[in-house]
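Peer 1: no sequence on this one, just coordinates:
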């Protein structure tokens, strides 16, 4: 689960992290150990933002499902 700050924080070029780009980001984290997922996702978000201004809260909830 994530807040809308993920999709409403533009890069320096004004691009939003949404649609296929956001889905790819989350899909690429699926093979990681659950305790590494938040670090990986926030690192990629920081790369996307590249020091641009965050305009909204950015929260993330990662859940591990045991079969």
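Peer 2: Yep, it's here. Worth saying up front: this structure is predicted, and the values here are computed from it rather than measured.
Peer 1: Now do the helices in the protein.
Peer 2: Taking DSSP state H as the test, the helices found in the chain are 5-8, 19-29, 37-49.
Peer 1: Of those helices, give the one that comes closest to residue 57.
Peer 2: Among those, helix 5-8 comes nearest to residue 57, with 5.0 Å by Cβ to Cβ. To be clear about C-beta, it is placed using only N, CA and C from the backbone, and glycine gets the same treatment.
Peer 1: buried set for that closest one?
Peer 2: 5, 6, 7 (16 or more other Cβ atoms under 10 Å).
Peer 1: and if you look at stretch 24-42?
Peer 2: Residues of stretch 24-42 classed as buried by neighbour count (16+ other Cβ under 10 Å): 25, 29, 37, 41.
Peer 1: Would you mind reformatting those residues (as TSV) and adding columns for pLDDT and distance to residue 12 while you're at it?
Peer 2: Supplementary listing: the buried residues of stretch 24-42 in TSV, determined by pLDDT from 0 to 100; distance: Cβ to Cβ, whole Å:
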residue	pLDDT	distance to residue 12
25	89	18
29	89	24
37	94	26
41	93	20
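Peer 1: residues contacting residue 60?
Peer 2: Applying Cβ atoms under 8 Å, 6 or more residues apart in numbering to residue 60 gives the contacts 1, 2, 3, 6, 38, 41, 42.
Peer 1: cool, and residue 6?
Peer 2: Shown here is residue 6, whose contacts under the criterion Cβ under 8 Å, 6+ apart are 17, 22, 45, 58, 60.
Peer 1: For residue 66, find the nearest of the helices of the chain.
Peer 2: Closest approach to residue 66 among these is made by helix 37-49 (15.3 Å; Cβ to Cβ).
Peer 1: On the pLDDT front, check residue 66 for me.
Peer 2: On the pLDDT scale, residue 66 is placed at 81.
Peer 1: Next, give phi and psi for it.
Peer 2: The main-chain torsion angles of residue 66 are listed as degrees, to the nearest 10 and equal phi -100, psi 130.
Peer 1: Number of residues surrounding it?
Peer 2: For residue 66, the number of neighbouring residues by other Cβ atoms under 10 Å comes to 3.
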